[in-house]
Structures are given as structure tokens and as C-alpha cells.
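Colleague: need a 3D model of the following:
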Amino acid sequence: MLLLLRPDAAPVRVPTASSAAVKLLLDGPYGARFGGELAASRQGYFSSRIEVAAQPDPDFVQTIARQHAIGVTSGQKFLLASWRGVAVTAFAASFLDTSVSIFTLESSGLRRPADLVGKRIGYRKASEGDVVFDAMMAQLGLPRSQIAKVPDRDSFEALRAGEVDAVIAAIDAQPDPASSNSMKLNVIKPQDYGIHVPGLVYFASTALVHEQPSMIADVLQGLIRGWQFTYADYARSVPVLLAGTGPTALDPVRLRFELQQQRSLVLPTGGRIGDYDESRWRTLRDILLFAKLGEEDVPLAQTVNYQFLRDVYRRSPDLAAPGAWSEQK
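Modeller: Reported below is the predicted structural model:
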């Protein structure tokens, strides 16, 4: 009997989910507010295959869930989408607090929330600024009915022209004092009056979190290192952030100014990059319910994860060391 042996055929390699690239999408154009993401990508701080892209979208959170991707957007947009049933999970903060501020001309003498009673406020309806402003005034017991809110007049041009007495805008949107169109401004920050909510948050499709937790941990560690690099030395980081931002080139002076404005939101005194706590999420939930923008159909415990942050900082305690940056930089 003759036994013929045939060598086994080489197995066909099927790409696994862990080897495929995962998208990290930014809800907005390239700029200072995504400095940590850009730095992490360009400095090679992600060990996994992560593709960073700007993809602003009215249905941004739904896009992340549909594409099994990772995203960064406002805490408000994230939470409202999760209440609508979008399967997403937050795992860290980008801005640990809201970037919303109220600006007035220095010459107006309007320096406190109480000074705004009876004044005209430029805003965008149902925006983060609108919701945070109302919550601040309500918490202080100030009569919102005596404030004239002017929709779609939240620009600094409207403030300069006298169309409104104050505008609600992001802290990094203000004109650079060193620029030709500068103006002397007073800034009222809601967090100075007890309103603390997550600003920008990192999140992913819930399926990705469950299927590839190591990928989420790797991305989080890379983001922390990216923000450390961004704020350690502007002379090094600004050129990196400017590289490859597309046809609309960023201005290096403006970029540095915006980074400085948002610094305390990323690196709070005594805090850690990416960290958030349950109290901020509860406050955001409460003010969204107060604004009647939604109903809490999904509890916070099902949409916000704290374990990734704990694990990353426990495994790499050097990430929490403050010596990587200094205030004067």
C-alpha cells in the first residue's frame, strides 16, 4: 500500500479587528483644542494603528457608533446622544471643564453675573454656552427673565459693534490681545461660580470598548502623552501641530494663544490629564434636564467609564507627574 502525503496548504490569514486601523475622529477642524490628539498621532505615541481625522458632523456621536470608532466631542453632545440610545461609552476627558465663558467689553464695567441682569446677551440657542449660562444664573438665583438673550449674535464683532452687551463663547475664541483686531475684555467663567461640567470628552462605540479594551487603554495613554508634549514646550510642539493640517494653514501665533487660553482646562492645578469625576457628569445631567433638552433614558453608569483612567495611571504613574511642563511655557 502506497501512502501519499500531501503538505498542508498554508493557512489563509484573515485580518483581525486588532490589526485593522481604528479611526479617532475630531468633532471640529484641526486646531489647539485637538492638540493632544494631533501630537500623539504625529509623535508616534499610539502603539496601535490609529487614524486621526477631523470630521465635524451634526450626527457626530452616531457616526462614531456606526463606524466602531473613537471620537472627541462636547460632553453635552455625547450625553444627549447616549440618552437617545446611541451605543457609546465615554472613557476620559479632553477638556476637564467647560470652555464656555461670558465676555464683555472692559469699558462696560460688567464683571460679574449679577451685572448681566437687564443686559443683552448674544448666544446660540440650545448650545453648550446657552445651557451653561442659564444654569449659572439659576444657581446664583438671578432673574433670567430680565435678561434679553439675542440669538446668533455670539460673535465678538457683535460685541464690538454694540449689538449686545455680552457674548457667550469659548475661551479660546476670543481675539488675541496682541492682534490688530484686539479689544479689552472682561471674562466671566461659569466654573468660578460653581458650574463644573465635562468640556470635551473622549468616547468610543460601546462595541469597540467591549471588544478591544486594550485598544482604548493604548489610545488613552497616547493622548495623555500627546497633551504632555503639547504643553511641555511650545517651541517644539507648535511646529508639530502645524504640520499637515491641510490647505487651511494654522497661524502659529494664534495657535499658541489658543493653547494658552485652554491650558487650565487640560492641565488643571492638582489634576491629571484626561481625568473626570462623577460630580461633573451629574451636574451636566442636571442642567440638561433643567434645560428640557432631553430625558435620562440611560443612566450615567452605563455610558461613562472610569476604569480606563484608573488602570492607565496605575500602570504608568509617571503619566501623572507634573514635571513634564511648566507654567511659563
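
Colleague: what about the strands in the stretch 51-200 of the chain?
Modeller: Taking DSSP state E, counting those that start in this stretch as the criterion, the stretch 51-200 of the chain carries its strands at 70-74, 88-93, 100-105, 120-123, 148-151, 166-170, 185-188, 200-205.

Colleague: got any ranges where the chain has weak pLDDT?
Modeller: Applying pLDDT under 70 to the chain picks out residues 1-19, 244-249, 321-329.

Colleague: dead centre of it: give me the residue that sits there.
Modeller: Leu200 (1.9 Å; C-alpha atoms, centre = their mean).

Colleague: for that one, give the beta-bridge partners.
Modeller: The bridge-partner assignment for Leu200, based on DSSP bridges, gives Ser74.

Colleague: check contacts around it.
Modeller: 33, 72-75, 93-95, 99 (C-beta atoms under 8 Å, 6 or more residues apart in numbering). C-betas here are computed from N, CA, C, even on glycine.

Colleague: any idea which of those residues is closest to Ser214?
Modeller: Val72 (19.8 Å; C-beta to C-beta).

Colleague: quick one: end-to-end distance for stretch 302-310.
Modeller: End-to-end span of stretch 302-310 (C-alpha to C-alpha, to the nearest Å): 17 Å.

Colleague: buried set for that stretch?
Modeller: Within stretch 302-310, the residues that count as buried by 16 or more other C-beta atoms under 10 Å are 303-306, 308-309.

Colleague: go on, stretch 136-154?
Modeller: 136-137, 139, 142, 147, 149-150, 153-154.

Colleague: out of those residues, who's nearest Asn181?
Modeller: Asp154 (16.6 Å).

Colleague: the protein: helices as residue ranges?
Modeller: Under the criterion DSSP state H, the chain contains helices at 35-42, 60-66, 75-83, 128-139, 156-160, 206-211, 213-232, 234-242, 252-266, 278-290, 307-315.

Colleague: off-centre distance for the longest one?
Modeller: Put plainly, it is helix 213-232. Centroid displacement of helix 213-232 relative to its chain, using C-alpha atoms, centre = their mean, to the nearest Å, is 14 Å.

Colleague: what of the first one?
Modeller: For helix 35-42, the separation from the chain centroid amounts to 14 Å (computed by C-alpha atoms, centre = their mean).

Colleague: does anything pack onto it? Which helices or strands?
Modeller: strand 22-26, strand 50-54, helix 213-232, helix 234-242 (3 or more C-beta pairs under 8 Å, 6 or more residues apart in numbering; DSSP states H and E).

Colleague: dump those to CSV, plus mean neighbour count and distance to Ala173.
Modeller: Converted to CSV, the helices and strands packed on helix 35-42 look like this (neighbours: other C-beta atoms under 10 Å; distance: least, C-beta to C-beta, whole Å):
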stretch, mean neighbour count, distance to Ala173
strand 22-26, 21, 17
strand 50-54, 16, 17
helix 213-232, 22, 19
helix 234-242, 17, 18
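
Colleague: JSON lines for the ones you listed, including distance to Ala207?
Modeller: Formatted as JSON lines, the helices and strands packed on helix 35-42 follow (distance: least, C-beta to C-beta, whole Å):
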{"stretch": "strand 22-26", "distance to Ala207": "12"}
{"stretch": "strand 50-54", "distance to Ala207": "17"}
{"stretch": "helix 213-232", "distance to Ala207": "12"}
{"stretch": "helix 234-242", "distance to Ala207": "31"}
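
Colleague: tell me which of those lies nearest to Ile287.
Modeller: Once those are compared by C-beta to C-beta, strand 22-26 is nearest, at 24.9 Å.

Colleague: direction included, what does that closest one pair against?
Modeller: Here, using DSSP bridges, strand 22-26 pairs with strand 50-54 (parallel), strand 70-74 (parallel).

Colleague: reformat these as TSV; add distance to Asp286.
Modeller: As requested, these are arranged in TSV below (distance: least, C-beta to C-beta, whole Å):
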stretch	distance to Asp286
strand 50-54	32
strand 70-74	16
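
Colleague: closest to Tyr231 out of those?
Modeller: Per C-beta to C-beta, nearest to Tyr231 of the strands paired with strand 22-26: strand 70-74, 17.2 Å.

Colleague: so Glu258 touches Ser99, yeah?
Modeller: No - with contacts defined as C-beta atoms under 8 Å, Glu258 does not count as touching Ser99, sitting 10.3 Å away.
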